[in-house]
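*Asks:* Provide a 3D model corresponding to the input given below.
(one chain, ligands or ions: 3)
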Amino acid sequence: MPSVTSASFAIISITIWFSTFQLSRRQAGAQLGTTPNIKHIVIGRCFSYTTLGNLGMRYDCEDIWRQFEEAVVHQSSCNVTEEHYYHLFNAMPQIWPCDRFLFWSKTRALMHTFAAVFQHLWTLEDTLVGYMFNDLIWCGQEEDPDFDFNSCPEWSTCGTHPVFSLWKQASKNFAEMACGNITVLLNGSIVNAFSRQSMFGSVELDGLNPERVNYVHIKVMSNLQGPHIESCRQGSVIDLIQILQSRGFLWTYGGT
Ligand SMILES: *[C@@H]1O[C@H](CO)[C@@H](O)[C@H](O)[C@H]1NC(C)=O
Ligand SMILES: *[C@@H]1O[C@H](CO)[C@@H](O)[C@H](O)[C@H]1NC(C)=O
Ligand SMILES: *[C@@H]1O[C@H](CO)[C@@H](O)[C@H](O)[C@H]1NC(C)=O
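*Replies:* Ligands and ions are numbered 1, 2, ... in the order given. Here you go, the predicted model:
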């Protein structure tokens, strides 16, 4: 279990819920092939996370890489499901302290600006899997037991894209683990701050367990210069509140 001191390690809480912003960004990049040197990047990140992080738990970074590779190579590039990553996730179990989970959607810029404010909260990118695979692209190829470094399909053209499936499973795990008071950070300057199509709205929200979560603190932050489109009285945030209520969650609302 990561101790509180692992907060000191250099990962500053930046993301959680996978916003559609990120999804589309990754989607655009996904026309490229697998990120060059992906093996070195992933293993390197794994070592820096586990070595510098004081995790009090042993991880075998080489084995984690092997499980990842096995899930992806030899598969048709559009045919990697969450189940393919089963052994990968088993190789890196993680438990998080309650009251520190932060989910966000379409507020990446804000997370950077206010990193200090949210530093005590943990996002998906602070987990080992999130840290290792952040911003990377990968896909395999049927004919050749290797990653395809030339091109990977776009997310939208794939039933089960290898990158999407990994993030979906990671998001699901993270949400299912969430406990105590959790924070959801939404962007009040856009229409559909809360969207059922985002990773938060489609995966994470359903993964939250009302018996583990005490309060959902909804924070809607607008850009300083506006516009202020969404709040707890107007727009999609009302939908979120209704879903939370119908599932028995307690919630609070705070805006800017
Ligand atoms: C995808 O996987 C399924 C089940 O493993 C298989 O039946 C199907 O033929 C595969 N599709 C492609 C395009 O490889
Ligand atoms: C809200 O979304 C817009 C459009 O994607 C973005 O430019 C802006 O930085 C976001 N605002 C916050 C507070 O994250
Ligand atoms: C959780 O949120 C509730 C409602 O805002 C608050 O009264 C309580 O003190 C919070 N608990 C923790 C541990 O932060």
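
*Asks:* helices and strands of the chain: which one has the lowest mean pLDDT?
*Replies:* Within the chain, no helix or strand scores below helix 20-29, which has a mean of 42 by mean pLDDT, DSSP states H and E.

*Asks:* after it, which helix or strand is next? Please name it.
*Replies:* Per DSSP states H and E, the first helix or strand lying C-terminal to helix 20-29 is helix 38-52.

*Asks:* run the chain-centre distance for that next one.
*Replies:* 18 Å (Cα atoms, centre = their mean, to the nearest Å).

*Asks:* report all helices and strands that it contacts.
*Replies:* On a contact count with 3 or more Cβ pairs under 8 Å, 6 or more residues apart in numbering; DSSP states H and E, helix 38-52 meets helix 61-72, helix 128-133. Every C-beta, even on glycine, is put in place using the N, C-alpha and C of the backbone.

*Asks:* which residues of the protein lie near ligand 2?
*Replies:* Residues of the chain lying near ligand 2 by Cβ under 6 Å from any ligand atom: 21, 106-107, 109-110, 187, 189-190, 221, 223.

*Asks:* buried residues in stretch 53-60?
*Replies:* For stretch 53-60, a neighbour-count test (16 or more other Cβ atoms under 10 Å) marks 53, 55, 59 as buried.

*Asks:* quick check: phi and psi on Ser105?
*Replies:* phi -150, psi 120 (degrees, to the nearest 10).

*Asks:* hey, what's it bridged with?
*Replies:* Assessed by DSSP bridges, Ser105 has beta-bridge partners Leu186.

*Asks:* what about it, distance to ligand 3?
*Replies:* Here Ser105 is placed at a distance of 21 Å from ligand 3 (Cβ to the nearest ligand atom, to the nearest Å).

*Asks:* where does the stretch 51-200 of the chain have low pLDDT?
*Replies:* Along the stretch 51-200 of the chain, the parts satisfying pLDDT under 70 run over 54, 56, 112-116.

*Asks:* what segments of it are helices?
*Replies:* Secondary structure of the stretch 51-200 of the chain, counting by DSSP state H, counting those that start in this stretch: helices at 61-72, 86-90, 108-113, 128-133, 162-177, 199.

*Asks:* can you tell me which of the ones you listed is nearest to ligand 3?
*Replies:* When the helices of the stretch 51-200 of the chain are compared by Cβ to the nearest ligand atom, helix 162-177 sits nearest ligand 3, at 16.6 Å.

*Asks:* thinking again about what came up before, most packed of the helices of the stretch 51-200 of the chain?
*Replies:* For those, the stretch with the most neighbours on average is helix 199, a mean of 26; neighbours defined as mean count of other Cβ atoms under 10 Å.

*Asks:* other SSEs contacting that one?
*Replies:* helix 20-29, helix 162-177.

*Asks:* before we move on, the earlier item: got the helices and strands packed on helix 38-52 as JSON lines, with distance to ligand 3 columns?
*Replies:* Listed next are the helices and strands packed on helix 38-52 as JSON lines, based on distance: least, Cβ to the nearest ligand atom, whole Å:
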{"stretch": "helix 61-72", "distance to ligand 3": "33"}
{"stretch": "helix 128-133", "distance to ligand 3": "23"}
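
*Asks:* now these in CSV, with distance to Val80?
*Replies:* Shown next, in CSV, are those (distance: least, Cβ to Cβ, whole Å):
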stretch, distance to Val80
helix 61-72, 6
helix 128-133, 13
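
*Asks:* just give the nearest non-adjacent residue to the residue of the stretch 1-150 of the chain found nearest ligand 3, would you?
*Replies:* At 4.8 Å from ligand 3, Asp99 is the closest residue in the stretch 1-150 of the chain, using Cβ to the nearest ligand atom. The shortest distance from Asp99 to any non-neighbouring residue, by Cβ to Cβ, 6 or more residues apart in numbering, is to Gly180 (3.6 Å).
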